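*Asks:* Sharing a model that was predicted from the sequence below.
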Amino acid sequence: MPHDELSILEQMYRESRHEPIRLEGQYEVVWIPIVDNLTPWTEAKEEEFEALRSLMPWFTVHHPSIIDQAVIRYIKEIWHFSKKPILVVLDPHGRVVCPNALHMMWIWGSLAFPFTSSREEALWREETWRLELLMDGIDPTILNWIAEGRFICVYGGEDMEWIRKFTTAARAVAQAARIPLELVYVGKSNPRERVRKNIATISLEKLGYCWQDLTSIWFFWVRLESMWYSKMQLGKTIENDSIMQEVMRMLSFDGSEQGWALISRGTAEMAKGKGETMLTSLTEFDSWKVDVEEKGFLHAMNDHLHTLHTPHHCNRLVLPGTSRIPEAVVCAECGRTMEKFIMYRCCTD
C-alpha cells in the first residue's frame, strides 16, 4: 500500500475520531492484507508488513497467512480487487453499499459517510466548479487566500524554463493590473525527481508558493482522478455535466508535454489554458489591458485567450489503470471523440 495513500487516509481517519459522537465518525476500518502467493514470504517481507501495520490506527488482520484462499478469490472476483487498495463499505448488516469508496474519501473525507451512491449524488448536487473544490483538504493557506479575495494562479508541468518565463510574466502583469496574485505550483500527477528539483528551484529563486511535500501534489491529482471516476460511476459525461468537463480538461492538461495554468478569484470566473497559450496571453497584456477596467481581469483575459485558441491541438488524457475505462471519451477542448490507446507505465520519471 503506497505511503502517500496511507498517510492521507490515516489523517482523515484520525480527524473523524476527534468527535466520535458525530455521525461522520460512526464507522470503523479493517485492513485485509492481500499478498502475492507467487512471491516467497521472507523475513524482509515480514518486517515490511509489520512496519506498514504499525502505521495504521485501525483494525488489521493479524497476518496475511491466516486469510483463506477462498476469501482472497472472493475479494478478487466479486470485489474486483486487483493491485491498488480498495475501500469496500459494508452496512451494519454486512451488506456491500459501495464497492470502492476510496474516491469519495479523497474528495470529501468522512463527510461522505455513509459512503453510499445516494450520499455521493447529494454531495455533488451541492458542488460547483471552483478553486475550493480543487484545494479542499490539501492546504489551508490557499483556502485563506481564496477567502481574502486574492487572485490565485495554480500551474503545473515539468519544464523549468517555461515556469521561469511564466511566473515572471504573471507577476509583471499582476503589478501592472494592480491585482493581488499568488502563484501555486502543483507539479505533475506522477511527482518524481524532476518535480522535486523544480520545487527546490522555485523555492530558491522565490518564484512562488509550492508544496515541499510530494504527498500534497500526489493528493491534488488523485482527487481530480477521483472526481472523474466518481462522475463516471454516476453515469455523467462531459456533454451533460459541467464539472466533469472541467475535470477532463485538467487531466488532459497534465497529459500535455508543456505546462498549464489556471487563474481564479474567489468562487468567480476562471481563466485557464495550456502553457504557451497562457504565456502568450500574459506577454500580450498591453493589447487587452484596456478591457480590464470594464470587464474585470479574468473576463478580459478569457476573451483574449479565446482569440489565441486554434482548432489544431493535441490532448492526451491519462486515466488510472484501475478505473473502468469508457468506450468513448470526448475531447474537452473541441468535442470530438478521442482516439483510444493503451499505455503500460512503470514508475519512471
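*Replies:* Everything's here; your move.
*Asks:* how close does E5 get to I86?
*Replies:* 11 Å (CB to CB, to the nearest Å). For every residue, glycine as well, the C-beta is placed using N, CA and C.
*Asks:* Compare the two and say which is more crowded by neighbours.
*Replies:* It is E5, of E5 and I86, that has more neighbours when counted by other CB atoms under 10 Å, with 18 against 15.
*Asks:* Give the burial count for the residue nearest to that one when sequence neighbours are not counted, as a bare number.
*Replies:* Spatially, and ignoring its direct neighbours in sequence, E5 is nearest to P85 (6.2 Å; CB to CB, 6 or more residues apart in numbering). Applying other CB under 10 Å, we find 15 residues neighbouring P85.
*Asks:* Quick check: which element contains P85?
*Replies:* For P85, there is no enclosing helix or strand under DSSP states H and E.
*Asks:* so what's it up against?
*Replies:* The neighbourhood of P85, defined by CB atoms under 8 Å, 6 or more residues apart in numbering, consists of M1, P2, E5, L102.
*Asks:* Which helix or strand lies directly C-terminal to the helix ranked longest in the chain?
*Replies:* For the chain, the helix with the greatest residue count under DSSP state H is helix 214-233. The helix or strand immediately downstream of helix 214-233 is helix 242-255, counting by DSSP H and E.
*Asks:* Check the offset of that next one from the chain's centre.
*Replies:* Mean C-alpha position of helix 242-255 versus that of the full chain (CA atoms, centre = their mean, to the nearest Å) differs by 10 Å.
*Asks:* Now do it: which elements does it pack against?
*Replies:* Judged by 3 or more CB pairs under 8 Å, 6 or more residues apart in numbering; DSSP states H and E, helix 242-255 is in contact with helix 214-233, strand 260-265, strand 270-274.
*Asks:* coming back round to it: quick check: mean pLDDT of the longest helix of the chain?
*Replies:* For helix 214-233, the mean pLDDT works out to 91.
*Asks:* quick check: angle from it to helix 242-255?
*Replies:* Interaxial angle of helix 214-233 relative to helix 242-255 (axes from the mean of the first three to the mean of the last three CA atoms, to 10 degrees): 130 degrees.
*Asks:* For helix 214-233, list every residue counted as buried.
*Replies:* Residues of helix 214-233 classed as buried under the neighbour-count rule (16 or more other CB atoms under 10 Å) are 215-233.
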